[in-house]
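Visitor: Output the structure for:
(chains A, B, C, D, E and F)
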4 protein chains.
Amino acid sequence: MLRIAREQLAAGDDSLQLNTIARLAGVGVGTVYRHFPDRHALMEALSAERFDELVAEARAAAGEPDAVAGLHRLLRSTLACLLADPRLAAVLKSADDAEVRTSAMKAELDEVVAGLLERACRAGAVRADVGADDLRRLLCGVEHAVRAGDGDARRAQLYLDVLVVGLRPAG
Amino acid sequence: MLRIAREQLAAGDDSLQLNTIARLAGVGVGTVYRHFPDRHALMEALSAERFDELVAEARAAAGEPDAVAGLHRLLRSTLACLLADPRLAAVLKSADDAEVRTSAMKAELDEVVAGLLERACRAGAVRADVGADDLRRLLCGVEHAVRAGDGDARRAQLYLDVLVVGLRPAG
Amino acid sequence: MLRIAREQLAAGDDSLQLNTIARLAGVGVGTVYRHFPDRHALMEALSAERFDELVAEARAAAGEPDAVAGLHRLLRSTLACLLADPRLAAVLKSADDAEVRTSAMKAELDEVVAGLLERACRAGAVRADVGADDLRRLLCGVEHAVRAGDGDARRAQLYLDVLVVGLRPAG
Amino acid sequence: MLRIAREQLAAGDDSLQLNTIARLAGVGVGTVYRHFPDRHALMEALSAERFDELVAEARAAAGEPDAVAGLHRLLRSTLACLLADPRLAAVLKSADDAEVRTSAMKAELDEVVAGLLERACRAGAVRADVGADDLRRLLCGVEHAVRAGDGDARRAQLYLDVLVVGLRPAG
DNA sequence: CATGAATGAGGATTCATTCAT
DNA sequence: GATGAATGAATCCTCATTCAT
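Guide: Below is the predicted model of the structure:
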C-alpha cells in the first residue's frame, strides 16, 4: 500500500488520491481510510522510513569527535534526505503532526541536533543564536532554493556552502 | 476584481477560485476568465504592483555608491517584499510566466541585481560563483525558512544575516 | 437509471445529460459516471436490449427456408428496430464502441446477415458485391431518409421497397 | 467571414462557434450576429453557393433530351454535391429554413426534379409513387450510408447504383 | 452600423468520504 | 476488519447572447 503510494509519487503524481492508491493496491478504499485517516497521515507514514534514516544519520553525525566535521556532515546528509524525498521535507516543515510518532521523532532529531550545535558553537563554528529549530528551517529553505531552479545538482553544493559559511559567528 | 481577490487572500483563502472571486466581485465568471485565463495569470496580476515596487527598490539599492551597503539594502528590501506578499514569492519562483510583462520584469530585476552583484563581488563582499539567479533562489529559500515557523519576525533578521555572511567568499 | 434515461429520451430530450439523469433517478452524479463513463457508453447500454432483439430477429430471418423471404424479413424487421430506437441506429453506425459486448453483437449480427446474404445471392435476389456491412449502412440510410420527412410511416414501406429492388442484380 | 467559417469547417471544427469566427475574421461578435441570427442561418449562407451549383446541375440534367440519362446525371451530381459539403446535406434535410431564399431554392429544385421525374416515369425508368421530395430524402439517405463507413469512395458508386435500380418500377 | 466586453446559465467531471454488506 | 458502490458538494470552464459605447 505504501509501496503503491510511493510508486505514484515517483511517477510524478503528487495528488496522492486515496481512491487511486486503493485501486492500484488492490484493497478497498475503506481499508486505506482505516490506516490513514487523511492525506497528511499517509504522508507521514510515507516519510517515516526516511525520517528514521535521517535521525540515524543525525545521530551518527553528532557522534563524530570533531563537532565541526559532525555539523557539516549533518547538514550534508539532511539536505540529501530532503532532496531525495519531498514528503519528508513537507513533514519536517509542518507544524502539526497527525501521528504522535512523528512528533516524537521530530523531538528526538531536535535534541540530537541541539547537542551537536552546542558543541559546534563552543568550537566557534556556529553563532550562538541559532537553534536546532532554526537549523531545520534553514535547511528546508536551502532545499527550497535548490528545487526552485532546474535540477542542477551543483547548486545544491553551493547553497549548502553558503549556509555553512553563514552559520559562522558574524564578524 | 483584483481587490476582491486580495481580500480573499487576506481572509486566508489561498484557493483563489475564479468562480468565487467573480461572485464576490459581482461580475460574471466569464469576465474573470477573460481577464485571467487561469489562476497563474491572476496571481501574476495580483503581484505585478508589488513586483514594480520590488524592481524600484532593487534599482535604488543598485544605485547606492557603496556596493556592499547596496547589496544589503537589496537583500533586506527584497525579503521584506517576499514576506509581505506570498504571491510575489510564488511568481518569482515559477519557471514559466503567463504574461510577457512578468518575464520582462524578471529579466529587468536580474539585470539590475547582476550589476550590483558584480560590484559587490569586486568589493570582496560576495563570492564570485553566485549569480543573480542564485540570489533570487536563496532569498526565496530564506523567505521559506521564515514562513516555516510561527510568525516570529525576529527570525527574519537572523536568517537574512546568515545569508549575508554566507555570501562572503569562503575562507 | 436506464429507465429514467429512456423516459428522458421519450420526452424528447436527446441531450442525455448525465447530471440530469442522476438527479431524476435520485442517485448521485458519481454513480451514473461509475456505470457509464461517457454518453456513448450510456447509449450503448440503452440500446443493448433492443440490439438483442435485433440479433434475435436477424437469426430468425436467417433461419427461414426461403432465403429471399428471409432477407425481406430481415430488412423489414431491422428497419423497424432502427425506427423504433434512434439510439440503436446511432450505435449501429458508430465505428468505435465503448463496450466490448457491443462490438461482439455487431460481429454476430454481421455474421448472421452475411450468411443470409450469400444464400439470397445464390438465389439471384441480391447482387454479389453487397456485403453485410453495406447492408447495415444502406439500412441506416433508409432509416435516415424515413426520418428526414415528417413522420409519414407509409414512406418507410416505399423506401424499403426501393432498397429491396435496388439490391437485385442489375440488368 | 464566410471564408473564415469555411476554413474552420475544413479544419475539422464542426462547432461553428460564432465567437470564434468573429475573432478569426477580425470583426466583432455583434457583426456576425447581425448577419446570421443563429447558426442555422450561417449554415444556410455557407451552403447557398453550393446550393446554386446544385440547382444549376439539376437544371442541366433536366434539360437533357433523354430523361433517363438526365435522371442518372441528376442523381450522380446531387450525391457528389452532398458528399462535398455536409452543410448542404444538412440544409437539404432540415424542415424549417432560416432564410426565405433557401426555401425558394428548395422549391425551385423540387420543381425541376419533379419535371424530370415525370418524364423519367413516362419513360418507364422510375416508379410512379416516388416524388421529388422522396428523391431528395433517398439521396440524403445514400449520402448518410456513404459517410457511415470509412471514406471508401467506391461504395458511393455502389449505393448510388442500388438507388438507381431501386427506383425502377417493381416487377 | 460595428464593436467586443460582460454576462451567467449550463454542463462536464472529480474525488473525499460514508456506510451497508 | 475489509470492502467498494454510492454519494453529491464542489469546481472547472465554455459559449451563446446581449447591449452600452
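Visitor: Mind pulling the model confidence for the closest residue to A:Asp13 other than its chain neighbours?
Guide: With C-beta to C-beta, 6 or more residues apart in numbering or on different chains as the measure, A:Thr20 is the residue that lies nearest to A:Asp13, at 7.8 Å, once sequence neighbours are left out. From N, CA and C alone the C-beta is placed, and that goes for glycine too. On the pLDDT scale, A:Thr20 is placed at 89.
Visitor: what pLDDT does the residue of chain A found nearest DNA strand F get?
Guide: Among the residues of chain A, A:Gly30 lies closest to DNA strand F, at 2.2 Å counting by C-beta to the nearest atom of the strand. As summarised for this prediction, A:Gly30 has a pLDDT of 93.
Visitor: what about it, how many neighbours?
Guide: As a burial measure, A:Gly30 scores 9 neighbours (other C-beta atoms under 10 Å in any protein chain shown).
Visitor: What's the separation between it and B:Cys81?
Guide: When C-beta to C-beta, to the nearest Å is the yardstick, A:Gly30 and B:Cys81 sit 48 Å from each other.
Visitor: So which bits of the one helix or strand A:Ala104 maps to are buried?
Guide: Element membership for A:Ala104 (DSSP states H and E) is helix A:100-122. Applying a neighbour-count criterion of 16 or more other C-beta atoms under 10 Å in any protein chain shown, one finds A:102, A:105-106, A:109-110, A:112-113, A:115-117, A:119-121 buried in helix A:100-122.
Visitor: what residues does it touch?
Guide: The contact list for helix A:100-122, computed with C-beta atoms under 8 Å, 6 or more residues apart in numbering or on different chains, reads A:44, A:48, A:51-52, A:54-55, A:58-59, A:61-62, A:67-68, A:70-71, A:74, A:91-92, A:97, A:126-128, A:130-133, A:135-136.
Visitor: where's that helix relative to the chain centroid, distance-wise?
Guide: For helix A:100-122, the separation from the chain centroid amounts to 13 Å (computed by C-alpha atoms, centre = their mean, to the nearest Å).
Visitor: now stretch A:38-46
Guide: Mean-position distance between stretch A:38-46 and its chain equals 15 Å (C-alpha atoms, centre = their mean).
Visitor: Now do the contacts for A:Arg155.
Guide: The contact partners of A:Arg155, taken as C-beta under 8 Å, 6+ apart, are A:Ala145, A:Val146, A:Gly149, B:Asp134, B:Arg137.
Visitor: hmm, I was thinking of A:Leu74
Guide: Taking C-beta under 8 Å, 6+ apart as the contact definition, A:Leu74 lies against A:Glu57, A:Ala58, A:Ala61, A:Ala62, A:Val113, A:Leu116.
Visitor: can I get the residues you listed in a markdown table with pLDDT?
Guide: Shown next, in a markdown table, are these (pLDDT from 0 to 100):
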| residue | pLDDT |
| --- | --- |
| A:Glu57 | 96 |
| A:Ala58 | 96 |
| A:Ala61 | 97 |
| A:Ala62 | 96 |
| A:Val113 | 97 |
| A:Leu116 | 97 |
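Visitor: My guess is A:Ala148 contacts B:Leu138. True?
Guide: No. With contacts defined as C-beta atoms under 8 Å, A:Ala148 does not count as touching B:Leu138, sitting 9.1 Å away.
Visitor: Among the two, which residue is more densely surrounded?
Guide: In terms of neighbours (other C-beta under 10 Å), B:Leu138 is the more surrounded of A:Ala148 and B:Leu138; the figures are 27 against 21.
Visitor: Give the helix, strand or coil label for that one.
Guide: Reduced to three states with DSSP: H, G, I helix; E, B strand; the rest coil, the structure at B:Leu138 is helix.
Visitor: Which pLDDT value does the model give the residue of chain A found nearest chain B?
Guide: When scored by C-beta to the nearest C-beta, chain A has A:Gly166 as its residue closest to chain B, at 2.6 Å. Residue-level confidence at A:Gly166 comes out at 97, pLDDT.
Visitor: residues in contact with it?
Guide: Under the criterion of C-beta under 8 Å, 6+ apart, the contact partners of A:Gly166 comprise B:Asp161, B:Val162, B:Leu163, B:Val164, B:Val165, B:Gly166, B:Leu167.
Visitor: ok, the third one - contacts?
Guide: Contacts were defined as C-beta under 8 Å, 6+ apart; by that measure B:Leu163 touches A:Val162, A:Gly166, B:Leu75, B:Leu138, B:Leu139, B:Val142.
Visitor: same check, this time on the second one
Guide: By C-beta under 8 Å, 6+ apart, the residues touching B:Val162 are A:Val130, A:Leu138, A:Leu163, A:Gly166, A:Leu167, B:Val142.
Visitor: So it: helix, strand or coil?
Guide: In the three-state summary, B:Val162 is assigned as helix, counting by three-state DSSP.
Visitor: how close does it sit to B:Gly141?
Guide: B:Val162 is 11 Å from B:Gly141, by C-beta to C-beta.
Visitor: With the last one instead?
Guide: When distance is defined by C-beta to C-beta, B:Leu167 is 13 Å away from B:Gly141.
Visitor: Equivalent analysis for the fourth one, please.
Guide: Separation of B:Val164 from B:Gly141 (C-beta to C-beta): 14 Å.
Visitor: quick one, which of these two is more surrounded?
Guide: The residue with the greater number of neighbours, taking B:Val164 and B:Gly141 and applying other C-beta under 10 Å, is B:Gly141; the counts read 27 against 18.
Visitor: mind checking how far the more buried one is from A:Ala5?
Guide: Distance, B:Gly141 to A:Ala5, using C-beta to C-beta: 28 Å.
Visitor: next one: A:Ser77
Guide: A:Ser77 sits at a distance of 24 Å from A:Ala5 (criterion: C-beta to C-beta).
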